[in-house]
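# Generate a structure from the sequence data that follows.
(chains A and B)
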Amino acid sequence: MALLEASDVHGGYGGMNILNGVNMSIEVNEIGVIVGPNGAGKSTMLKAIFGMLTVSQGEIRLRGEPITNTAPNKLVHKGMAYVPQEKNIFPSLTVQENLEMGTYIRPQNFRRMLEQVYEFFPPLREKRRQPAGELSGGQRQMVAMGRALMVEPSLLLLDEPTAGLSPLFMNEIFERIKTINAAGVGVLMVEQNAKQALAIAHKGFVLASGQNRFTDTGEALLNDPEVAKSFLGG
Amino acid sequence: MNELVFFINNVVISGTVTGSIYAMGAIGVTLVFSIMRFAHFAHADMMTLGAFMVLLLTTLFPNVGAVVGLPSALLLLPIAMALTAGAAVGIDRAFYKPLRAHDVKPIVMVIASLGVTLMLQGLIRLFAGTSSQSLYIAERKDIFRFELPFDLATRNIVVTEPQIILFVFVIVAVVSLHLFLSRSRLGKAMRAMSDNPDLARASGINTNTIVAVTWIIAGSLAAAAGTLLSLDVAFKPDLSFFLLLPIFAAAIVGGVGHPYGAIAGGFVVGFAETLAVFNWAVLLRPFRDSLPEWLDLPSNLALVGTEYKIVVPFFILVAILVWRPTGIFKGKVI
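Below you'll find the model as predicted:
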């Protein structure tokens, strides 16, 4: 059974449709990557999955269970975690308090998950008493992903995790995502750095104008001359 | 020496009293703003409502205090705090929650809170009348006089029982609020929601619970502030409405959204008020003989008359909005 399955999803903001029939499917322990031009509806699709905008048509299933239009705080209980592209930390809370909010729904897991997250992101352990708003961009991204991992999710949704980061941090974040995935977490992410992202992806989805243009394995999409020409910059 | 005693009585004690009341009100205003993002204008009348609950309860059980040797009003205060907290949650459910559900602009919420303020004022007048009443129904107010160990000081430092209760209560309230916000899971979730409500929801925090907790804290602190103020002076239906401006000034001075800032802001505004109406001529009197002949010491050297006290928070408010709109603790700009 697929971990996440979205079929013919339509939706948008205030009656304006941005998604016009998106199909997506990733298996347990897979990395799925959504790429495409600006305005293709990549981030909108993630928000639709996480119940942050109304899906007007189509269905989304998590391990076979229908979750279309379920509120975000309920989806967290079902093992889903979401990291927005912007405003993805609590700036006035300390790093450790940010992570603690990740286990808000299961406080008994706090200590165990905290150790795990500090192992994934060692710099966070040193900065644990510092307000998260004072950290650098890369470390903020670690806090954001760390908070999501505290949920102990089976599916992690990441909206442009490397946006605005230096190439050095970018590589580090991609490495972390691979490690997280190897630990048994399914990942669905939107990425601007399409080539690098597709290189670590099991599944790739190229969206344009709110619809799937290409859907294949990451490797196949990377080697597809047509995809390369129109979406990966040659 | 008597001048110093006069200063302590009229500035130190009186400023601490006013500051404590403002601080407790401003904490509520700032918490409501940080969670629900609107200026809650009905907050002052929530204070009056709390004092009114105490008045009701004390009228029903005027002698319960005698059992433990405390004023009945004080003994019944926790019940009134709980009732006011419940009323605050109820008012939110009835008037603010439907508006929130429609995602209205903050100004609509502000206008709704003005409606609530008028409604509360009307209700309280309906039951309590318009005259002022003492919350000491079956007892007398204890007044403590402390002598200074100097020969020159013939006057005493005067503190009343409700003032002492107020000081103790404020310290306990501030420490518990600090522990709640920094140690408890719910308190941290409250700060998280104030920082980033969408992310709080995405973390599985039930925002309805946080909203209810905010009203419980704001409502019970408002009830305590209103009651302690009425104990110090007397209960009037318009008791706290005139505190609205200084309370908002305190919240903005401290940086809106910062509970600690609200406490600091409360004392800043409270002391500014008492210092502004203090008659500085009294402190200069001992040096009268050394002043030059042509300088005649006026009998009143206060910056503003007591009846114009309200202009002080108003000027502080204008000044802070012009020069430092985020407040001393860098809060949100309304």
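# where are the low-confidence patches of the stretch 51-200 of chain B?
B:151, B:153 (pLDDT under 70).
# Smallest gap between it and chain A, at which residue?
B:Asp195 (4.1 Å; C-beta to the nearest C-beta). The C-beta positions use only the backbone N, C-alpha and C, and glycine is treated the same way.
# residues contacting the closest residue to that residue other than its chain neighbours?
In this structure, B:Asp195 finds its nearest non-sequential neighbour in A:Phe90, 4.1 Å apart by C-beta to C-beta, 6 or more residues apart in numbering or on different chains. Applying C-beta atoms under 8 Å, 6 or more residues apart in numbering or on different chains, we find A:Phe90 in contact with A:Glu97, A:Asn98, A:Met101, A:Ala132, B:Arg191, B:Ala192, B:Asp195, B:Asn196, B:Leu199, B:Ala200.
# Go ahead and list the helix or strand containing the first one.
Using DSSP states H and E, A:Glu97 sits within helix A:95-102.
# Would you mind identifying the next helix or strand past that helix?
helix A:110-120.
# And chain B, is that next one touching that?
No - Helix A:110-120 is not in contact with chain B by C-beta under 8 Å from any C-beta of the partner chain; minimum separation 9.2 Å.
# Put the alpha carbons of the helix or strand just after that helix into PDB.
Proceeding N to C from helix A:110-120, the next assigned helix or strand is helix A:122-126, under DSSP H and E. C-alpha atoms of helix A:122-126 as PDB (Å, rounded to 0.1, in the frame of the first residue of the first chain):
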ATOM      1  CA  PRO A 122      24.700  18.200  16.300                       C
ATOM      2  CA  PRO A 123      25.000  22.000  16.100                       C
ATOM      3  CA  LEU A 124      21.500  22.200  17.700                       C
ATOM      4  CA  ARG A 125      22.700  20.600  20.900                       C
ATOM      5  CA  GLU A 126      25.200  23.400  21.500                       C
END
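# what packs against the helix or strand just after helix A:122-126?
Later in the chain than helix A:122-126, the nearest helix or strand by DSSP H and E is helix A:137-150. Using 3 or more C-beta pairs under 8 Å, 6 or more residues apart in numbering or on different chains; DSSP states H and E as the contact test, the elements touching helix A:137-150 are strand A:80-83, helix A:95-102, helix A:110-120, helix A:122-126, strand A:155-159, helix A:167-182.
# Relative to the whole chain's centre, how far out is helix A:137-150?
12 Å (C-alpha atoms, centre = their mean, to the nearest Å).
# before we move on, what about stretch B:133-140?
The answer for stretch B:133-140 is 22 Å, by C-alpha atoms, centre = their mean.
# pLDDT value on residue 216, please?
You didn't say which chain, so I picked chain A. Per-residue pLDDT puts A:Asp216 at 88.
# switch to chain B, that's the one I care about
97.
# Surely it is within a helix?
Yes - counting by DSSP: H, G, I helix; E, B strand; the rest coil, B:Ile216 falls inside a helix.
# Leaving out chain neighbours, which residue sits closest to it?
Nearest one to B:Ile216, counting by C-beta to C-beta, 6+ apart, is B:Ala85 at 4.3 Å.
# tell me the contacts of that neighbour?
B:Trp215, B:Ile216, B:Ile217, B:Gly219, B:Ser220, B:Ala223.
# ok, so what distance separates it from B:Leu49?
Separation of B:Ala85 from B:Leu49 (C-beta to C-beta, to the nearest Å): 11 Å.
# Name the residues contacting each of these two.
B:Ala223.
# Surely B:Gly219 touches B:Ala88?
Yes - with contact defined as C-beta atoms under 8 Å, B:Gly219 reaches B:Ala88; the gap is 3.1 Å.
# Overlap of the contact sets of these two?
B:Met46.
# ok so, going back, quick one: the helices and strands packed on helix A:137-150 as a markdown table, columns for mean pLDDT too.
Output for those, formatted as a markdown table (pLDDT from 0 to 100):
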| stretch | mean pLDDT |
| --- | --- |
| strand A:80-83 | 95 |
| helix A:95-102 | 96 |
| helix A:110-120 | 94 |
| helix A:122-126 | 94 |
| strand A:155-159 | 96 |
| helix A:167-182 | 90 |
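# In TSV, list the ones you listed along with distance to A:Gly39.
As requested, the helices and strands packed on helix A:137-150 are exported to TSV (distance: least, C-beta to C-beta, whole Å):
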stretch	distance to A:Gly39
strand A:80-83	21
helix A:95-102	31
helix A:110-120	33
helix A:122-126	34
strand A:155-159	15
helix A:167-182	23
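# Just put these in a markdown table and tack on distance to A:Pro37 and mean neighbour count.
Converted to a markdown table, these look like this (distance: least, C-beta to C-beta, whole Å; neighbours: other C-beta atoms under 10 Å in any protein chain shown):
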| stretch | distance to A:Pro37 | mean neighbour count |
| --- | --- | --- |
| strand A:80-83 | 22 | 26 |
| helix A:95-102 | 33 | 26 |
| helix A:110-120 | 32 | 16 |
| helix A:122-126 | 34 | 15 |
| strand A:155-159 | 16 | 25 |
| helix A:167-182 | 20 | 16 |
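# if we can go back for a sec, show me what the helix holding A:Glu97 is in contact with.
Defining contact as C-beta under 8 Å, 6+ apart, one finds that helix A:95-102 is touched by A:81, A:89-90, A:93, A:110, A:113-114, A:117, A:124, A:127-132, A:135, A:143, A:146-151, B:185, B:188-189, B:191-192, B:200, B:203, B:205.
# Point out where chain A drops to low pLDDT.
Looking at chain A by pLDDT under 70, you get A:233-234.
# Residue numbers of it in contact with chain B?
Counting by C-beta under 8 Å from any C-beta, chain A sits next to chain B at A:50, A:52, A:71-73, A:76-77, A:81-82, A:84, A:87-93, A:97-98, A:100-102, A:104-105, A:107, A:147, A:151.
# Show me which of these are buried.
Among the residues of chain A next to chain B, those scoring as buried are A:50, A:52, A:72-73, A:76, A:81-82, A:84, A:88-90, A:92-93, A:97-98, A:100-102, A:104-105, A:147, A:151 (criterion: 16 or more other C-beta atoms under 10 Å in any protein chain shown).
# so what's B:Leu275 closest to, chain neighbours aside?
In space, B:Leu275 is closest to B:Val11, 6.2 Å off (C-beta to C-beta, 6+ apart).
# Confirm for me that that neighbour is in contact with B:Gly270.
No - the pair B:Val11 / B:Gly270 is not scored as a contact, 10.4 Å apart, by C-beta under 8 Å.
# So for the two, which sits in the more crowded spot?
A side-by-side neighbour count of B:Val11 and B:Gly270, using other C-beta atoms under 10 Å in any protein chain shown, places B:Gly270 first with 24 against 16.
# Next, the contact list for that one, please.
B:Gly15, B:Thr16, B:Val17, B:Thr18, B:Gly19, B:Ser20, B:Ile21, B:Tyr22, B:Ala23, B:Pro246, B:Ala250.
# Same check on A:Pro107?
Applying C-beta under 8 Å, 6+ apart, the residues contacting A:Pro107 are B:Arg185.
# Check the secondary structure at A:Gly58 for me.
strand.
# what number of residues lie near it?
17.
# how near is it to chain B?
22 Å (C-beta to the nearest C-beta, to the nearest Å).
# same deal with A:Leu149?
12 Å.
# Equivalent analysis for A:Ala40, please.
22 Å.
# Can you pull the domain assignment for chain A?
A:1-79+A:155-234, A:87-152 (automatic domain parsing).
# farthest pair in the contacts of A:Phe90?
A:Ala132 and B:Ala200 (13.8 Å; C-beta to C-beta).
# At the contact with chain A, which residues of the stretch 151-300 of chain B appear?
Near chain A, when you scan the stretch 151-300 of chain B using C-beta under 8 Å from any C-beta, you find B:185, B:188-189, B:191-192, B:194-196, B:198-207.
# Report the buried members of those residues.
B:188-189, B:191-192, B:194-196, B:199-207.
# any idea how far the residue in chain A positioned nearest to chain B lies from A:Val190?
Closest approach between chain A and chain B, counting by C-beta to the nearest C-beta: A:Val76, at 3.5 Å. A:Val76 is 19 Å from A:Val190, where distance means C-beta to C-beta.
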